[in-house]
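> Got a predicted model here, sequence first, then my questions.
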Amino acid sequence: MESTRILLEAHEIPTHWYNIAADLPSPPAPPLASDGTPAKPEQLAAIFPPAIIEQEMSAERWIEIPHEVREIFRLWRPAPLVHAVRLEEALGTPAKIFFKYEGVSPTGSHKPNSAVPQAYYNREAGIKRLTTETGAGQWGSSIALAGQMFGLEVRIYMVKVSYEQKPYRRMMMQTWGAEVFASPSDLTECGRRILAETPDMPGSLGIAISEAVEEAAGRADTNYSLGSVLNHVILHQSIIGLEAKKQFDKIGLYPDMVIAPCGGGSSFGGIAFPFLGDKAAGDKRAANLRAIAVEPTSCPSLTKGRYTYDFGDASGFTPMMKMYTLGHDFVPAGIHAGGLRYHGASQLVSQLYQAGLIEAVAVPQLATFDAGVQFARLEGIIPAPESCHAIRVAIDEALKCKQTGEEKVILFNLTGHGHFDMSSFERYFSGQLEDYVYPADEVEKSLAKLPRFG
Ligand SMILES: *Cc1c(COP(=O)(O)O)cnc(C)c1O
């Protein structure tokens, strides 16, 4: 049998990112300040470098990837596209299943695709230090790596429970030279206030964001960086779909479906938007393309949320964005796919969903682990719990093809490996992993507190 891995040469790493803002059916709704007026670029300048702000607001279709960034990408890119033949055979489906494997990066996920350019643009702007927050540590480790590559100091506020329970990613960050603090910490006003009120507070992503932003806003040499949700992050992640398109060209195929997990939306937008760009350009192969975002039933921002203005963080620090949201103070259940526990979805993904140009589906936790273990036993790679969401839906769609006899081409984003999530698999095997029902009451309560704009 021919090779199941479709590879590209280093010189085939894309030279430009694709920006879907150029192809939206209507202009995006502007971010709003807390008084309801459009947020001003100056407000962002306290924490982001000019190139990032420009990308955040850009409607240019193609944006050049800096040479130095592509040089670093060569450490692990181009990422392989893999034809999952053993999975197909086991399912007995006529569908063809492919996955783009982002777990080959040094941190084991797609997140360095944005961490590297973010560190680059900050260094170019004369910034010496970066702050960020991290939960389980996927983003923190990526920014630690990227900061090291460009000679930036990195300080990471890691949610205290994860800091204590997930020591290995903390050690990875330290290996790449970052300082890691348990949040809430006594390094910021916000952290000190919370510690004074609740000394044994386990922390949350919202609090960690507030600490990282407070520090960046208060120091001229320091900026903040965010790992998903924002337009520039999705722009950077478009490298995933752009490479996949080249790989499909090599074998003369084109996907009918593109599937990805959806937390903030950068891994979904990253793989799906370049194909949606073909559709917008009238490419016949993409005429019936389905792009499917997969979220957990316990945190179903697209499928159950409201499309309205809300804050990006729990404490109401960020500008408000028009997006599908469960309410910024909604606290999702402690599912093991930590990267999917976000109360909203990126505004680009939200706008496309509202316009009916993409689909979304919510899946329960246990079924995602069933799929992940089945996948690991056939294809070898142990997937991250987030990635298991995409695998679940890819398998479900392949089984539908078995019913109808359709030979659809399915592409999914294998966003990362699960080597640092083995305790989740342990819980799955010992029967301790549970499904959470959709918390309708809590979402209702949280939505009732939304700011009233738009
Ligand atoms: C962060 C993460 C996700 C979620 O990505 P978003 O861009 O926020 O949707 C998915 N998979 C892995 C492995 C992650 O680390």
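Ah, there it is.

> and residue 132, helix, strand or coil?
Per DSSP: H, G, I helix; E, B strand; the rest coil, the local secondary structure of residue 132 is strand.

> Please shift the residue numbers so they start at 9 in all later answers.
From this message on, residue numbering opens at 9, which makes the last subject residue 140.

> Quick check: bridge partners of it?
The partner list for residue 140 in beta bridges (DSSP bridges) reads residue 164.

> Could the C-alpha coordinates of stretch 216-236 be exported in CSV?
Included here for stretch 216-236 are C-alpha records, laid out as CSV according to Å, rounded to 0.1, in the frame of the first residue of the first chain:
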residue,chain,number,x,y,z
ALA,A,216,-5.1,34.4,35.7
ILE,A,217,-5.9,36.6,32.7
SER,A,218,-6.6,39.6,35.0
GLU,A,219,-3.2,39.1,36.6
ALA,A,220,-1.3,38.8,33.3
VAL,A,221,-3.1,41.8,31.8
GLU,A,222,-2.6,43.9,34.9
GLU,A,223,1.1,43.3,34.8
ALA,A,224,1.4,44.0,31.1
ALA,A,225,-0.6,47.1,31.2
GLY,A,226,1.5,48.5,34.1
ARG,A,227,4.9,48.0,32.5
ALA,A,228,6.2,49.6,29.3
ASP,A,229,8.7,46.8,28.6
THR,A,230,6.0,44.1,28.9
ASN,A,231,3.1,42.9,26.7
TYR,A,232,0.4,40.3,27.0
SER,A,233,-0.3,37.5,24.7
LEU,A,234,-3.5,35.4,24.2
GLY,A,235,-3.6,31.8,22.8
SER,A,236,-7.0,31.7,21.0
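
> Which SSE is immediately downstream of the helix or strand of the chain with the lowest mean pLDDT?
The helix or strand of the chain with the lowest confidence, counting by mean pLDDT, DSSP states H and E, is helix 49-53 at a mean of 85. Past helix 49-53, heading to the C-terminal end, the next element that is a helix or strand (DSSP states H and E) is helix 58-65.

> so what strands line up beside the very next helix or strand once past that following helix?
Along the chain past helix 58-65, the next helix or strand (assigned with DSSP H and E) turns out to be strand 70-72. For strand 70-72, the paired strands and their directions (DSSP bridges) are strand 24-26 (antiparallel).

> in this protein, what spans have low per-residue confidence?
Counting by pLDDT under 70, the low-confidence segments of the chain come to 9-11, 461-462.

> and it, which residues reach the ligand?
Residues of the chain lying close to the ligand (Cβ under 6 Å from any ligand atom) are 117, 119, 146, 236, 269-276, 347-348, 392, 394-395, 423-424. Backbone N, C-alpha and C define where each C-beta goes, glycine included.

> Okay, and which of these map to helices?
The helices, defined by DSSP state H, take in 146, 274, 275, 276, 394, 395 from the residues of the chain next to the ligand.

> Most widely separated two among the residues you listed?
The two members of those with the most space between them (Cβ to Cβ) are 146 and 276, at 15.4 Å.

> Those two - which one has more neighbours?
Neighbour tally, residue 146 and residue 276, criterion other Cβ atoms under 10 Å: the higher count belongs to residue 276, 36 against 26.

> what ranges do the strands span in the stretch 59-208 of the chain?
Counting by DSSP state E, counting those that start in this stretch, the stretch 59-208 of the chain forms strands over residues 70-72, 89-91, 104-109, 137-142, 161-167, 187-191, given from the N-terminal end onward.

> which secondary structure elements does the longest one contact?
Okay, so that is strand 161-167. Judged by 3 or more Cβ pairs under 8 Å, 6 or more residues apart in numbering; DSSP states H and E, the packing partners of strand 161-167 are strand 137-142, helix 146-157, helix 175-183, strand 187-191, helix 213-226.
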